[in-house]
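[1] no letters, just coordinates:
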């Protein structure tokens, strides 16, 4: 069986954490951290490297880690991982999950206060016990409390990029079973919510299928604790930590059930209200007239049509103004992945990417794109191998050579320049002017106040060479909240200066959030779906960015990278 590269990467990352908690030396810890990142982004065939004895040719993989990889290939596990895990207190593994705490501080509170759970740590903070500890203080204690609150808020959630394929696998599994004739993902996944608490699948079943469904779910890999709280409804917990809800409908009820279990509560309540205005009821998978007759519904769109509405795409069904727009035939024609003509914001081996310039250009061409924008990190990002002035020139020359040999996919020379705490960029204007475009992003000084951060970003956008604002709110989904920011003011400044705002399509960011996309659209701000790719495979993250754009009601006309090359180049230069 082929090695699961992501599972192996996670295993090596866990070993690095366990080594740190066990007090191992920094060099060994960093070796495992680096190996985890390398394996996770590896583009070569790992199994072939193992079979040919070439594991140690991978950058950052030494003899000891190569032995671990070989052991994993042969047994599916690593014995040293098991041994390490047995020596570390389970409570420490729980504490290090708190954003802002980290292994060293977790060990300190565990040793000094005997804290063995997140609940005990929260109590210790409320009692001000962390303040007196060496290396802590009041600010750290407050940061730990915020981390606990954030963790409690999102416990039992998955990223959309994790939940979406999982939900599709559940639906596919159910479709293979006798008596189940249809299965479609609904709920948060179908609405493309950035994080997902519950996977919902609507199933069409005959009587035999319904009778067998509890057993089918119990036997499904990764499913725990199946219950049936009501007829036609099955609930379970998945081993990944989120809920699974299965709603069963008869053939005639399936389209209506799919509609009712896709929209959020506000959306569905509005549909029920509209049905009531006609003297109808909408419930239990059926649309029924005042005299008790079922309204024939052959497809989900028919539910909306019978209520006098255009069909709103699933992403829009959040109880905003989609029903009002549908009633007036004013719903937007949402952008689709196939509308993209290229992408910006990607890193190469010049900084912290895993693929060469040539490989990224080739991958873009195979996706049918006619342009890409390379943005390796700038010099302040030492941790990410930010580019020196000499490297900038070398990269520009390589890009020119590649463009001369492959005109079908234009490579643009950009940079992701750090916005410094005072709002200036980390290259002078004469250097910024040499790039085809500049993405300005915040990577430091996150603890500034909302006023300070807003002033900082506004100053950056007022620079004539700043083409785009990168990951504007700084969030890391399920790990770090947005930093305090006056977003209406930021969006207005983008409109005033002609600065493009990025929809960062990394599954860990999805930033700009969909709720702000609409505001940006109304202000006439141009946006761009950017993959923030650090390797070839991550170019495909644009699908998540397009989901954000669709959820925010954006059309192809609202995005930079739906434009053909000549128009795109004009828009890139409009501030200069």
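    Yep, that arrived. If you're wondering where the values come from, they're calculated on a predicted model, not measured in any experiment.
[2] any low-confidence regions in the stretch 101-250 of the chain?
    Nowhere does the stretch 101-250 of the chain drop to pLDDT under 70.
[3] contact partners for residue 35?
    By C-beta atoms under 8 Å, 6 or more residues apart in numbering, the contact set of residue 35 is 12, 60, 61, 65. Backbone N, C-alpha and C define where each C-beta goes, glycine included.
[4] my read: the first one touches residue 65, true?
    Okay, so that is residue 12. Yes: if you go by C-beta atoms under 8 Å, residue 12 and residue 65 touch, sitting 7.2 Å apart.
[5] out of the two, which sits in the busier spot?
    Neighbour count, other C-beta atoms under 10 Å: between residue 12 and residue 65, residue 12 has more, with 26 against 23.
[6] host element of the closest residue to the more buried one other than its chain neighbours?
    Distance criterion C-beta to C-beta, 6 or more residues apart in numbering; nearest residue to residue 12, sequence neighbours excluded, is residue 36 at 3.9 Å. Element membership of residue 36, judged by DSSP states H and E, is helix 26-41.
[7] name the nearest residue to the residue nearest the centre of the chain, sequence neighbours excluded.
    A centroid search over the chain (C-alpha atoms, centre = their mean) returns residue 507, at 1.8 Å, as the residue closest to the centre. Spatially, and ignoring its direct neighbours in sequence, residue 507 is nearest to residue 161 (3.4 Å; C-beta to C-beta, 6+ apart).
[8] after the one helix or strand that neighbour maps to, next one along is what?
    If you go by DSSP H and E, residue 161 is part of helix 160-175. Downstream of helix 160-175, the next assigned helix or strand under DSSP H and E is strand 180-186.
[9] that following strand packs against which elements?
    For strand 180-186, the packing partners by 3 or more C-beta pairs under 8 Å, 6 or more residues apart in numbering; DSSP states H and E come out as helix 160-175, strand 198-205, helix 207-219, helix 254-260.
[10] let's go with 10 Å and repeat that
    Counting contacts by 3 or more C-beta pairs under 10 Å, 6 or more residues apart in numbering; DSSP states H and E, strand 180-186 is packed against helix 160-175, strand 198-205, helix 207-219, strand 243-249, helix 254-260.
[11] need these in CSV (columns: mean neighbour count and distance to residue 471).
    Shown next, in CSV, are the helices and strands packed on strand 180-186 (neighbours: other C-beta atoms under 10 Å; distance: least, C-beta to C-beta, whole Å):
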stretch, mean neighbour count, distance to residue 471
helix 160-175, 19, 16
strand 198-205, 24, 27
helix 207-219, 15, 39
strand 243-249, 21, 30
helix 254-260, 25, 34
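[12] please name the residues that touch residue 486.
    By C-beta atoms under 10 Å, 6 or more residues apart in numbering, the residues touching residue 486 are 450, 451, 453, 454, 455, 457, 458, 492, 493.
[13] so which of those is the most crowded?
    The residue in the contacts of residue 486 with the most neighbours, by other C-beta under 10 Å, is residue 457 (27 neighbours).
[14] that residue sits in which helix or strand?
    Using DSSP H and E, residue 457 falls in helix 450-461.
[15] quick one: that helix to chain centroid distance?
    Distance of helix 450-461 from the chain centroid (C-alpha atoms, centre = their mean, to the nearest Å) equals 25 Å.
[16] who are the packing partners of whichever helix or strand comes after it?
    Using DSSP H and E, the helix or strand that follows helix 450-461 in sequence is strand 468-469. Judged by 3+ C-beta pairs under 10 Å, 6+ apart, strand 468-469 is in contact with strand 437-441, helix 450-461, helix 487-497, strand 500-504, strand 527-530.
[17] report pLDDT for the residue nearest to residue 12.
    Looking at residue 36, its pLDDT is 91.
[18] that one and residue 19 touch, don't they?
    No: taking C-beta atoms under 10 Å as the definition, residue 36 is not a contact partner of residue 19, at 11.8 Å.
[19] ok, which stretches of the stretch 351-500 of the chain are helices?
    All helices of the stretch 351-500 of the chain, identified by DSSP state H, counting those that start in this stretch, fall at 357-366, 389-405, 429-432, 450-461, 487-497.
[20] also the stretch 1-150 of the chain?
    5-21, 26-41, 46-51, 63-75, 79-87, 90-95, 102-113, 118-126, 138-154.
[21] adding distance to residue 169, write those out as CSV.
    Shown next, in CSV, are the helices of the stretch 1-150 of the chain (distance: least, C-beta to C-beta, whole Å):
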stretch, distance to residue 169
helix 5-21, 15
helix 26-41, 21
helix 46-51, 23
helix 63-75, 23
helix 79-87, 26
helix 90-95, 28
helix 102-113, 34
helix 118-126, 31
helix 138-154, 23
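[22] of these, which is nearest residue 416?
    Checking those against residue 416 by C-beta to C-beta gives helix 26-41 as the closest, at 17.7 Å.
[23] report the buried residues of the closest one.
    Within helix 26-41, the residues that qualify as buried are 29, 31, 32, 33, 34, 35, 36, 37, 38, 39, 40, 41, counting by 16 or more other C-beta atoms under 10 Å.
[24] can you check stretch 150-163 too?
    Neighbour counts over stretch 150-163 (16+ other C-beta under 10 Å) mark 150, 151, 154, 157, 158, 159, 160, 161, 162, 163 as buried.
[25] check the gap between the third one and residue 117 for me.
    Spelled out, it's residue 154. Per C-beta to C-beta, to the nearest Å, residue 154 is found 18 Å from residue 117.
[26] now swap in the fifth one and tell me
    Look at residue 158 and residue 117: by C-beta to C-beta, they are 23 Å apart.
[27] residue 480 against residue 99, yeah?
    Yes: between residue 480 and residue 99 there is a contact under C-beta under 10 Å: 6.0 Å.
[28] which residues are common contacts for those two?
    Counting by C-beta under 10 Å, 6+ apart, the residues touching both residue 480 and residue 99 are 147, 150.
[29] the more surrounded of the two?
    residue 99 (19 against 16).
[30] the residue nearest to that one when sequence neighbours are not counted: neighbouring residues, count only.
    Nearest residue to residue 99, sequence neighbours excluded (C-beta to C-beta, 6+ apart): residue 147, at 4.0 Å. Residues near residue 147, counting by other C-beta under 10 Å, number 22.
[31] also residue 478?
    18.
[32] repeat for residue 321
    Neighbour number of residue 321 under other C-beta under 10 Å is 13.
[33] what distance do you get for it to residue 522?
    Relative to residue 522, and taking C-beta to C-beta, residue 321 is found at 12 Å.
[34] so for these two, which residues contact both of them?
    Any residue near both residue 321 and residue 522 by C-beta under 10 Å, 6+ apart counts here, and that gives residue 553.
[35] show me what contacts the residue nearest to residue 507?
    Applying C-beta under 10 Å, 6+ apart to residue 161 gives the contacts 194, 196, 477, 505, 506, 507, 508, 510, 541, 543, 544, 547.
[36] what separation do you get for the residue nearest to the first one when sequence neighbours are not counted and residue 160?
    Beyond its immediate neighbours in the sequence, the residue positioned closest to residue 194 (C-beta to C-beta, 6+ apart) is residue 510, lying 4.6 Å away. For residue 510, the distance to residue 160 equals 7 Å [C-beta to C-beta].
[37] what touches both of those two?
    Common contacts of residue 510 and residue 160 (C-beta under 10 Å, 6+ apart): 192, 193, 194, 195, 477, 544, 547, 548.
[38] right, and the third one touches residue 475 too?
    Looking back up the chat, that one is residue 194. Yes: Residue 194 lies in contact with residue 475 (C-beta under 10 Å); the separation is 9.3 Å.
[39] fine, thanks again, bye for now.
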